[in-house]
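Asks: build me a model from this:
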Amino acid sequence: MKVIIVGGGWAGCAAAYAAEKSGGEVVLLEKTDLLLGTGLVGGIMRNNGRFTALEEARALGGHEFIALIESVARHGSVDFPGHKHAMLYDVTRIEPVMRKFLTGCGVEIKLQTRMTEVFASNGYINGVVTGNDEMLRADAFIDTTGSAGPAKNCTRFGSGCAMCILRCPTFGPRVSLTARAGLPEITAGEGFPHFEAMSGSCKLDKGSLAQHLVEKLEKDGVLIIPLPPEMYKDELLGGKACQQYALTDYARNLIILDTGHAKLMTPYFPLEKLRELPGFANARYADPYSGGRGNSVRFMAMSHCNDALQVDGVKNLFCAGEKTGPLVGHTEAIVTGLLAGYNAVRLVNGREPVTLPEDLAAGDIIAYMHRQMKQPAELTKKYTFSGSVYFERMQQRGLYTTDITAIHERVRRAGYCNMIG
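Replies: Numbering: from 1, shown residues only. Just a heads-up that it's a prediction; the model follows:
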C-alpha cells in the first residue's frame, strides 16, 4: 500500500503521518531543503476555534503529531486582538523535530526532490517523475503542493518576489500534482473572481530590536505598540490571506508575537517607516527579506475535490491544505492532511473514503467551504477556524468550545475516535 505525497508543508506532513499510521508505505516529496513550508514562519495554533479543531484532530488519532508541536511551544495561552488562548510554537526549532519524528514513523522523506511529470491512465495515477529523472510508482497520491507563487504570480498580483520561505528562485516554482495529472484547477483570474491574496505577516530579527522590547515579547508572548495616525494601514487589510487578522487593530498598532522570531502581524511595513518607531531603529526583516513591500501571493490554484478530499477526475488522488479550497492556517492544513492520508490508505485497502460528519468542526468546515465555493463570489472569502466567516458559523452551530473532555466525547459519539491508526 504505497502512498506518495507531493509537498512537505503542514498538510503533507500530517498526511504522511496519517497514511503511515494507517498501514501505508509513505514517500514524501519536498522540493526545498526543509519541511513545513509556511509553517516555518507561521507559529500560531489554538487561537479561537483552532483550539477545538486541534483537539478534534487529537481525538481522531493525531495525538503524537500534536504532542510533537506542543513540545516546541514557546507560549501556551496568549491573547491578542481578536484572538484568545493561542499557542505559539518555535518556528526555529520545529523543522528538525518534525523531520526526525516522521522518519522515525517510517516515512521516506525526499528533500530537494521536485515532481515534474505524472503518468496516469484510465482515471488512475500510476507514477510521478522527479527533477532527478527518478520514476516513482504508488497506489495512491496526495497533492499538498499548496497554492502560493510561483514568482510570476507574485509579480502579477503582488509586489514581485519577496524572497519568502518558499524560495522559488532557488528550488524552482511550485508544480501542482493535480495540474500535471491533466486535471483542471480553480485558478485565480481565469474565469473566476480574483481571489488571490497576500500572506499576512512577516518576521523581524529579534537581534535588530531594542532589548527591552525583546524581553517583554519573550515574557508575554505578544507586544502591542500603538502607531501614530499617519502610519495607519487600513487600506491594506483587504488583501490579507489571513482574513481573521483583517481587523482595525492590526492596521493601527504594531502587533508582534513571539514565535522564535518576532512575528509582525501588521501588513507590509516599509523598513524606513518602521525604523522611525522607538525601539525599531535597527529593525530588519528575517522573512521575507522584502517584507517591507509584501509577501508571497497565495490561493493561485486549488483542486476540484469532494468532502473526502478525493480530487475529481482521478480515483486515487487526494488533496489537503490550500489545495482543497480557500482554507487558511496550520491547523486547517493538519486536519485536512490527516483525513487525506487516512483516506488514501483506506482506498488502497478497497474501502470507501470517509467524509467527516458536520457535527465535528473539522467535517463542517470542509463541507461548508465546498458548498460556498460553488458560488463564484464566495471564492473571495477565506475559511479558518480562527476567524472570518467560518468562526462565526462555528460559534452559531455550537461547535466552538475549549472543553477538552466535551470535544473528545463529541468525536467518540460520532464514531471517529482514534480513526487514524
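
Asks: SS state for residue 280?
Replies: Secondary structure of residue 280, reduced to three states by DSSP: H, G, I helix; E, B strand; the rest coil: coil.

Asks: that one: neighbour count?
Replies: 20 (other Cβ atoms under 10 Å). To be clear about C-beta, it is placed using only N, CA and C from the backbone, and glycine gets the same treatment.

Asks: break the protein down into its domains, please.
Replies: Here the domain parsing of the chain from automatic domain parsing is 2-196+297-414, 200-287.

Asks: mind checking which of the ones you listed is nearest residue 420?
Replies: Put simply, out of the domains of the chain the one that sits nearest residue 420 is domain 2-196+297-414, at 3.0 Å, with distance taken as Cβ to Cβ.

Asks: what's the mean pLDDT across the closest one?
Replies: For domain 2-196+297-414, mean pLDDT rounds to 94.

Asks: neighbours of residue 8, just the number please.
Replies: Around residue 8 sit 30 other residues, with neighbours defined as other Cβ under 10 Å.

Asks: correct me if wrong: it contacts residue 28.
Replies: Yes. With contacts defined as Cβ atoms under 8 Å, residue 8 counts as touching residue 28 at a distance of 5.6 Å.

Asks: which one of the domains of the chain is the most hemmed in?
Replies: Ranked by mean neighbour count, those are led by domain 2-196+297-414 with a mean of 21 (mean count of other Cβ atoms under 10 Å).

Asks: all helices of the stretch 301-421 of the chain, in order?
Replies: Taking DSSP state H, counting those that start in this stretch to define them, one finds helices in the stretch 301-421 of the chain at 330-348, 361-373, 388-396, 404-414.

Asks: could you do the chain as well?
Replies: Taking DSSP state H, the helices of the chain run over residues 10-21, 50-57, 63-70, 94-105, 151-157, 168-171, 177-180, 211-220, 248-252, 271-274, 330-348, 361-373, 388-396, 404-414.

Asks: for the ones you listed, which one sits closest to residue 36?
Replies: Between residue 36 and these, the shortest separation by Cβ to Cβ is 5.4 Å, and it involves helix 94-105.

Asks: run the chain-centre distance for the closest one.
Replies: Once both centres are worked out by Cα atoms, centre = their mean, to the nearest Å, helix 94-105 turns out to sit 18 Å from its chain's centre.

Asks: please shift the residue numbers so they start at 13 in all later answers.
Replies: Okay, residue one is now 13; in that scheme the one you just asked about reads as helix 106-117.

Asks: got the helices of the stretch 313-433 of the chain as a markdown table, with distance to residue 179 columns?
Replies: What follows is these, written out as a markdown table (distance: least, Cβ to Cβ, whole Å):
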| stretch | distance to residue 179 |
| --- | --- |
| helix 342-360 | 19 |
| helix 373-385 | 29 |
| helix 400-408 | 28 |
| helix 416-426 | 37 |
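
Asks: and residue 183, which of those is closest to it?
Replies: Between residue 183 and the helices of the stretch 313-433 of the chain, the tightest spacing by Cβ to Cβ is seen for helix 342-360, at 19.8 Å.

Asks: any idea of the angle that closest one forms with helix 75-82?
Replies: Orientation note: helix 342-360 sits at an angle of 160 degrees relative to helix 75-82 (axes from the mean of the first three to the mean of the last three Cα atoms, to 10 degrees).

Asks: so how far is helix 342-360 off the chain centroid?
Replies: From the chain centre to the centre of helix 342-360 is a distance of 13 Å (Cα atoms, centre = their mean).

Asks: from the contact counts, what lies against it?
Replies: strand 14-18, helix 22-33, strand 56-57, helix 62-69, helix 75-82, strand 152-155, strand 329-331, helix 373-385 (3 or more Cβ pairs under 8 Å, 6 or more residues apart in numbering; DSSP states H and E).

Asks: now distance to residue 138 too, for these, in JSON lines please.
Replies: Conversion of the helices and strands packed on helix 342-360 to JSON lines gives the following (distance: least, Cβ to Cβ, whole Å):
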{"stretch": "strand 14-18", "distance to residue 138": "11"}
{"stretch": "helix 22-33", "distance to residue 138": "18"}
{"stretch": "strand 56-57", "distance to residue 138": "37"}
{"stretch": "helix 62-69", "distance to residue 138": "32"}
{"stretch": "helix 75-82", "distance to residue 138": "30"}
{"stretch": "strand 152-155", "distance to residue 138": "10"}
{"stretch": "strand 329-331", "distance to residue 138": "11"}
{"stretch": "helix 373-385", "distance to residue 138": "28"}
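
Asks: now residue 32: how far from residue 121?
Replies: Using Cβ to Cβ, to the nearest Å, residue 32 is found at 11 Å from residue 121.

Asks: which neighbours do residue 20 and residue 40 have in common?
Replies: Taking Cβ atoms under 8 Å, 6 or more residues apart in numbering as the contact rule, the neighbours common to residue 20 and residue 40 are residue 121.

Asks: show me the contacts for the residue nearest to residue 329 when sequence neighbours are not counted.
Replies: For residue 329, ignoring the flanking residues on the chain, the nearest one in space by Cβ to Cβ, 6 or more residues apart in numbering is residue 323 at 4.4 Å. Contacts of residue 323 were listed using Cβ under 8 Å, 6+ apart, and they are 155, 190, 193, 195, 315, 316, 317, 329, 330, 331.

Asks: same check, this time on residue 163
Replies: For residue 163, the set of contacting residues under the criterion of Cβ under 8 Å, 6+ apart consists of 172, 173, 180, 181, 185.

Asks: ditto for residue 190
Replies: So residue 190 contacts 155, 157, 197, 313, 315, 323, 329, 331, 335 (Cβ under 8 Å, 6+ apart).
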